[in-house]
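Undergrad: can't give you the sequence, but here's the structure:
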């Protein structure tokens, strides 16, 4: 694609992992592309990504940068923002990429209206066709744009997140299931997993 430096096979791996191609995934692809240019690909936990959304783009971040939930170097902060911060431990370099769709110019009112109607009552066949067309057009614009026109890029002053730690697991005294020690709660002297704590706490 003209606006991206990524190879077609790299984008295909992202789509295959996620399951479909959409604007949200394209945003993650472009953020991942910026991260690769600035930081390179993660080797083990040397690079850490902190994402502020749980939407489609996070899958692109995992595939392209090598930052994953399983390795502990992909952290989610539930801010509801299309923002992706990256930290490199060896030299302290850190950048935050905040997506700004308004920079692309034409507003997205039609696509947004169709998305809301689809979620609320569904779309007619004609509306569904138009929705898919709008979505494809918006995705294409994201992929053709210069990354500088898509994101606010800012340095990050916060230190990188701590490395993932291996912790002991304890048996919940209500359900018996083993739970990471740092995630257990105490109630009336009992060690509880979070679901049991919440259930028992509501009864009190």
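TA: Thanks, I have it. Not measured: the values here are computed from a predicted model.

Undergrad: Domain map for the chain?
TA: 8-155, 169-203 (automatic domain parsing).

Undergrad: Check the offset of the longest one from the chain's centre.
TA: On the basis of Cα atoms, centre = their mean, to the nearest Å, domain 8-155 is displaced by 7 Å from the centre of the chain it belongs to.

Undergrad: first to last residue in it, what's the distance?
TA: 30 Å (Cα to Cα, to the nearest Å).

Undergrad: ok, and the spatially most central residue of the chain, which helix or strand is that part of?
TA: The geometric centre of the chain, computed from its C-alpha atoms, lies nearest to residue 58 (Cα atoms, centre = their mean), at 2.8 Å. Using DSSP states H and E, residue 58 maps to helix 57-65.

Undergrad: ok so, going back, okay, the domains of the chain in TSV with mean pLDDT and distance to residue 163 next?
TA: Where you see a C-beta, it was placed from the backbone N, CA and C, and this is true even at glycine. Output for the domains of the chain, formatted as TSV (pLDDT from 0 to 100; distance: least, Cβ to Cβ, whole Å):
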stretch	mean pLDDT	distance to residue 163
domain 8-155	93	6
domain 169-203	90	14
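
Undergrad: Could you look over those and pick the most buried one?
TA: domain 8-155 (a mean of 17; mean count of other Cβ atoms under 10 Å).

Undergrad: Now do the strands in this structure.
TA: Remark: strands assigned in the chain by DSSP state E are 47-51, 74-76, 83-88, 94-99, 151-155, 169-171, 178-180, 185-187, 190-192.
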